[in-house]
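# based on what follows, work out the 3D shape:
(2 chains)
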Number of protein chains: 2
Amino acid sequence: MQKYISKEHIVAMEKQNRVHFVNSLGGFKSVVLVGTVDNAGNTNLAVFSSLIHIGANPALMALILRPSPPERDTLNNLLETGFYTINHINEDIYRKAHQTSARYDKDVSEFDETGLTPIYKQEFQAPFVAESFVQIGLTFKEKIDIKINNTIMVIGEITEVFVPQNCMSKDGFLDIEKANTITCSGLDSYHTTKRLDRLSYAKPGKEITSLISDYFE
Amino acid sequence: MQKYISKEHIVAMEKQNRVHFVNSLGGFKSVVLVGTVDNAGNTNLAVFSSLIHIGANPALMALILRPSPPERDTLNNLLETGFYTINHINEDIYRKAHQTSARYDKDVSEFDETGLTPIYKQEFQAPFVAESFVQIGLTFKEKIDIKINNTIMVIGEITEVFVPQNCMSKDGFLDIEKANTITCSGLDSYHTTKRLDRLSYAKPGKEITSLISDYFE
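Model prediction:
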């Protein structure tokens, strides 16, 4: 049976129920760990489910951030240094990743608190998560204020990528399911995935076919 | 073995390979059908994987759009009427959903071409997809130009929601896996999900526990 929920119902919900409900409506989301460090060397690690692809050339990604803790430390650090990392989450680390959402004081590193390992690579000035299989280094490009609800969109350019060699398909597709990347829904639900298919480029009047991924070894 | 790919490698990739690669890096994404109609009554349906949660109060979602076809028709229609629908995709309709990404002429409706069914509900002025189990009606609120790569962010407020009654948890969480919602990665890879767990609200020094979802019937 289908249930109808209007704007008036949403507004009347108890606050935490509304947050759960509206977050769930967005569908399955990318869930990643964002690694930063301030100029004094204090590291920070925070889980985000607001990552979005902006474009491939230049290679741009955006995050939506709230100006309150714990997201504020990530924002301050990436603005201070100009660098941050995005690390995919796998089944082995999702509980630790979730724990980074706790409101730790600024001088406490979520790496220390959760046991995840900061690692510096290729002279990039922000820490990657060693336990992550897909690690991305970004340079801050632009901050856009979303005034309608006082949130912030941060756009960065991808400058370093580390991925498992055997998950790279010859057509450029990266098989993140093979790389054990997981997804989330709502605020707190974590999911593995199972591929249905890869589909060919759609054209009017032409039947879609299945793509076979051919990987580098 | 881990493979290192720098900005220089990405820039040097063949164009379509780069599009596949960079899209894959964003992780698993929400994939939805956006339904619109122009003032003359011509319907449009387009698949998007750029949906993002902006806030719960007011209940806001954003889409990133490109100013080129086929996304241009969606943008024009929702600006013309002020209304659009977001419809979750399930395993039964994902191939039809993918087909809506073909570049049909403006006077051709993707509903007709794919066999998906437009349905009008609650006097809302944009068509929902009858075959979708999670249907959301939105009112256009704001358009933000992302100048760095000439894309557009459209923010809308959720005013109508239709969901399966037995997927609503008593704490507000909507179990979209139970509602058969699927996810995508890259440009063309579709996936079902399997829940690992729902986790409790994280606090410093407190162990995370599993949440049990208690559904309405």
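# average pLDDT across the strand ranked longest in chain A?
The residue-count maximum for a strand in chain A (DSSP state E) belongs to strand A:151-164. Confidence over strand A:151-164, taken as the mean pLDDT, stands at 98.
# next one: stretch A:189-196
If you average the per-residue pLDDT over stretch A:189-196, you get 98.
# my read: A:Tyr104 touches A:Pro70, true?
Yes - taking Cβ atoms under 8 Å as the contact criterion, A:Tyr104 and A:Pro70 are neighbours in contact, 6.7 Å apart. Every C-beta, even on glycine, is put in place using the N, C-alpha and C of the backbone.
# could you find the closest non-adjacent residue to the residue nearest the centre of chain A?
Most central in chain A under Cα atoms, centre = their mean is A:Val32, positioned 3.2 Å from the mean C-alpha point. Closest residue to A:Val32 apart from its sequence neighbours, by Cβ to Cβ, 6 or more residues apart in numbering or on different chains: A:Ile86 at 4.9 Å.
# and that neighbour, what's its pLDDT?
Spelled out, the predicted local distance difference test score at A:Ile86 is 98.
# tell me how many other residues surround it.
28 (other Cβ atoms under 10 Å in any protein chain shown).
# is it bridged to anything, and to what?
Beta-bridge partners recorded for A:Ile86 (DSSP bridges): A:Val34, A:Ile136.
# that one touches A:Val34, doesn't it?
Yes - counting by Cβ under 8 Å, A:Ile86 sits close enough to A:Val34 to count as a contact (5.9 Å).
# shared neighbours, the two?
By Cβ atoms under 8 Å, 6 or more residues apart in numbering or on different chains, A:Ile86 and A:Val34 have no common neighbours.
# quick one: mean pLDDT for whichever helix or strand comes after the longest strand of chain A?
Stepping forward along the backbone from strand A:151-164, the first helix or strand reached (DSSP states H and E) is strand A:183-185. The pLDDT scores in strand A:183-185 average 98.
# in its sheet, what does strand A:183-185 sit against?
Strand A:183-185 has the following sheet partners, assigned by DSSP bridges: strand A:29-30 (antiparallel), strand A:189-198 (antiparallel).
# A:Lys96 is nearest to which of those strands?
With Cβ to Cβ as the measure, strand A:189-198 is the member of the strands paired with strand A:183-185 nearest A:Lys96 (11.7 Å).
# most tightly packed of the strands paired with strand A:183-185?
By mean neighbour count, with neighbours taken as mean count of other Cβ atoms under 10 Å in any protein chain shown, strand A:29-30 ranks first of the strands paired with strand A:183-185 at a mean of 27.
# what's that strand in contact with?
Applying Cβ under 8 Å, 6+ apart, the contact partners of strand A:29-30 are A:49-52, A:183-185, B:26-30, B:53.
# can I get those in JSON lines including distance to A:Glu217?
Conversion of those to JSON lines gives the following (distance: Cβ to Cβ, whole Å):
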{"residue": "A:Ser49", "distance to A:Glu217": "33"}
{"residue": "A:Ser50", "distance to A:Glu217": "35"}
{"residue": "A:Leu51", "distance to A:Glu217": "29"}
{"residue": "A:Ile52", "distance to A:Glu217": "32"}
{"residue": "A:Thr183", "distance to A:Glu217": "26"}
{"residue": "A:Cys184", "distance to A:Glu217": "31"}
{"residue": "A:Ser185", "distance to A:Glu217": "34"}
{"residue": "B:Gly26", "distance to A:Glu217": "25"}
{"residue": "B:Gly27", "distance to A:Glu217": "24"}
{"residue": "B:Phe28", "distance to A:Glu217": "24"}
{"residue": "B:Lys29", "distance to A:Glu217": "27"}
{"residue": "B:Ser30", "distance to A:Glu217": "32"}
{"residue": "B:His53", "distance to A:Glu217": "38"}
